[in-house]
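Chemist: A structural model of the following input is requested.
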Amino acid sequence: MKKEKRGIYNVTFNEKNSTPINAELEAIENAIIDYVIHYVKGFHNPYRDRGLGANHIKLHLEENSEGQITIEELLNLGNSIREYLKAFKEPFIDEKEAKIYEWENDKGIRFRAITDKIGEKHLKNITEDYQRGGTQLPLSPSDEQIITFYSDRNLKDQMEFKNPKVIEYYQNQNLISNDLLSKLEANQQVINQSPRVDEIFKNQDSIKDSNSQDFKDSALEQNKRKLK
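Modeler: Numbers count the residues shown, from 1 in each chain. Okay, here's the model as predicted:
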């Protein structure tokens with residue numbers, strides 16, 4: 001885990017070209033499939049606001065940027081993908097055949113990571129980018145790579161999940177949370193309507209005082225009768 005985080009950090013901020021993220025999927029008959037996704041240096045085209053990999057993703061680390069993420073969230077990307085796969089078994093495949101991983105944290109912030117194979121559409125850009133420092137690409141165009149990773153922070157609307165399974169999962173989670181909240185509110189109303197402990201003791205003391213006074217009055221009346 002530490003090695004993976006260090007690799008992500010070095011690709012993002014230092015000279016490392018790529019680092020693997022191992023999803024470690026458990027398949028049928030308990031066979032382990034090493035599903036590897038590569039986090040690469042990539043590129044960002046500021047004129048078209050397009051790109052992939054670290055050079056594109058790290059723009060979301062800027063404060064108040066659209067889709068802002070924290071450095072901790074970026075370094076934990078591998079673990080987030082593994083947790084997603086543990087819950088949903090497989091990524092959602094969109095119409096462009098990219099793989100989409102999306103989730104929501106305990107504060108209601110939603111995230112999306114997209115992976116894809118480079119293909120011809122990105123190969124030219126990446127080749128030119130890497131040829132500035134060398135003639136060899138770090139990965140094959142057939143390798144699965146992280147294209148982008150962002151949240152719904154500073155966006156006009158909340159991120160809408162694309163995966164129907166993810167939508168259903170969080171709808172059920174919200175129903176459970178709302179049901180629990182309703183029960184807690186109902187219990188609180190019962191508590192608020194119930195007599196407070198200090199009021200109960202106060203009432204008991206009043207009853208005792210009243211009974212004691214009645215006893216004294218009765219005894220006094222009996223003594224008056226005897227004197228007569």
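Chemist: what's the following helix or strand after the least confident helix or strand in the chain by mean pLDDT?
Modeler: Lowest mean confidence among the helices and strands of the chain (mean pLDDT, DSSP states H and E): strand 32-33, at a mean of 48. Next in sequence after strand 32-33, counting helices and strands by DSSP states H and E, comes strand 36-40.
Chemist: and that following strand, average pLDDT?
Modeler: Mean pLDDT, strand 36-40: 89.
Chemist: that strand: which residues count as buried?
Modeler: The neighbour-count check on strand 36-40 (16 or more other CB atoms under 10 Å) flags 37-40 as buried. In short, each C-beta sits where N, CA and C put it, glycine included.
Chemist: extract the CA atoms of that strand and return them as PDB.
Modeler: Output in PDB follows, covering the C-alpha atoms of strand 36-40 (Å, rounded to 0.1, in the frame of the first residue of the first chain):
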ATOM      1  CA  VAL A  36      -3.600  -4.100 -13.200                       C
ATOM      2  CA  ILE A  37      -4.400  -0.500 -14.000                       C
ATOM      3  CA  HIS A  38      -1.500   1.900 -14.800                       C
ATOM      4  CA  TYR A  39      -1.300   5.400 -13.500                       C
ATOM      5  CA  VAL A  40       0.800   7.300 -16.000                       C
END
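Chemist: quick check: next helix or strand after that strand?
Modeler: Heading C-terminal from strand 36-40, the first helix or strand you meet, by DSSP H and E, is strand 43-45.
Chemist: follow-up on the earlier one: for the buried residues of strand 36-40, which two are the farthest from each other?
Modeler: 37 and 40 (10.0 Å; CB to CB).
Chemist: ranges for the helices of the protein?
Modeler: Using DSSP state H, the helices of the chain run over residues 2-13, 54-57, 71-75, 77-88, 119-131, 164-193, 197-227.
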